[in-house]
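Visitor: need coordinates for the below:
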Amino acid sequence: MFKSIVLAFSFLTQIPLKISEVKERELIFALSFFPLVGLFEGLWLNLVAYINCFFLSPELNSLLCIIALTLVRGIFHWDGFSDTVDALCIKSCGDYVKDVEKRLQVMKDSTVGVGGVVALIINFLLRFILLKEVIINSFFPFVLILSSVLSKGLIVPIIYLSKPAKKEGIGAFLISFVTFREVLLALTFTFLIILVCVFLFSLSYHQVFFLIFSIFLIFLLGFWIKKFLEKRFLGLTGDNFGALMEFFEISFLFFWGTLWLKL
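Guide: The predicted structure follows:
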């Protein structure tokens, strides 16, 4: 089990971890511990935001939080997000099969097109603004933890319910071998972390209701995006999963960084 936890951190972060020979089952089992990686990222962001709030403006604090997260996470999610948008931006030739092949080819290309660049800029600006709002309204201990945990926890059932777009690649490997056990364990860890946060931060009944509603709605939207991507690519790839994790994270920041204040 410990090896699978280390594999989860090695898979989703830039932390240099020494791992001996890895078996397929151990790598798949690592999916169960994705929420623990999210918990680590959330705690790391909280530490950065808490220290900076004594000395820096919310704007600079937000920027440094993004930099701090990138140092730990790398560009794993951003790369998948930009590649996915790039592929979706290609002009259709009218032949569905050829369009799918072209999209997969664009997504595999190491260069980033205009669509991917624009998507990354919008992603960055959204994250910057939402983090600033969360910090200004002192929601960051709760929101930064759960946004990271949920993005990692909700992606596991999405992987389980998906079909692969290609026969090879990390996405095809995960989809082919993931089992309900990994889904159950990932959701259990996610639920336990949420439960601890609810009691630790003394959320009121209407806040808990809004939390449940936001999680349910975000997952439904994520599932709809999954179905949309499956139509465009005849399945999903690792890049698509990275894009979906970005969606989950930013959506939760939106719900608690802006929408909650209006209710």
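
Visitor: which stretches of the stretch 1-150 of the chain have low pLDDT?
Guide: 22 (pLDDT under 70).

Visitor: for residue 20, helix, strand, or coil?
Guide: coil (DSSP: H, G, I helix; E, B strand; the rest coil).

Visitor: for residue 36, see how far away it is.
Guide: In this structure, residue 20 and residue 36 are 20 Å apart, going by Cβ to Cβ, to the nearest Å. Glycine gets a C-beta too; all of them are placed from N, C-alpha and C.

Visitor: what does residue 48 give?
Guide: 19 Å.

Visitor: please apply the same query to residue 30.
Guide: The value you get for residue 30 to residue 36, if Cβ to Cβ is used, is 10 Å.

Visitor: leaving out the residues flanking it, which one is nearest to residue 59?
Guide: Nearest non-adjacent residue to residue 59, counting by Cβ to Cβ, 6 or more residues apart in numbering: residue 132, 5.9 Å away.

Visitor: returning to what we had before: residue 30 and residue 36: which is more packed in?
Guide: The neighbour comparison of residue 30 against residue 36 (other Cβ atoms under 10 Å) goes to residue 30, with 24 against 20.

Visitor: pretty sure that one sits against residue 7.
Guide: Yes. In this structure residue 30 lies within contact range of residue 7 using Cβ atoms under 8 Å: 3.9 Å.

Visitor: for residue 57, see how far away the residue sitting nearest the centre point of the chain is.
Guide: For the chain, the residue nearest the mean C-alpha position is residue 245 (2.2 Å; Cα atoms, centre = their mean). Look at residue 245 and residue 57: by Cβ to Cβ, they are 29 Å apart.

Visitor: how much space between residue 183 and residue 155?
Guide: 10 Å.

Visitor: same deal with residue 64?
Guide: Distance from residue 64 to residue 155, by Cβ to Cβ: 26 Å.

Visitor: more crowded one of those two?
Guide: Per other Cβ under 10 Å, whichever of residue 64 and residue 155 has more neighbours is residue 155, with 25 against 16.

Visitor: helices of the stretch 151-263 of the chain, residue ranges please.
Guide: Using DSSP state H, counting those that start in this stretch, the helices found in the stretch 151-263 of the chain span residues 155-160, 170-177, 180-200, 205-233, 238-257.

Visitor: any idea which of those helices is most buried?
Guide: Among the helices of the stretch 151-263 of the chain, ranked by average contacts under mean count of other Cβ atoms under 10 Å, first place goes to helix 238-257 (a mean of 24).

Visitor: pLDDT averaged over that helix - what is it?
Guide: Averaged across helix 238-257, pLDDT comes to 91.

Visitor: contacts for stretch 207-217 next, please.
Guide: For stretch 207-217, contacts defined as Cβ atoms under 8 Å, 6 or more residues apart in numbering pick out 146, 150, 154, 194, 198, 203, 252, 255-256, 260, 263.

Visitor: ok, back up a step: overlap in contacts of residue 30 and residue 7?
Guide: Counting by Cβ under 8 Å, 6+ apart, residue 30 and residue 7 have no shared contacts at all.
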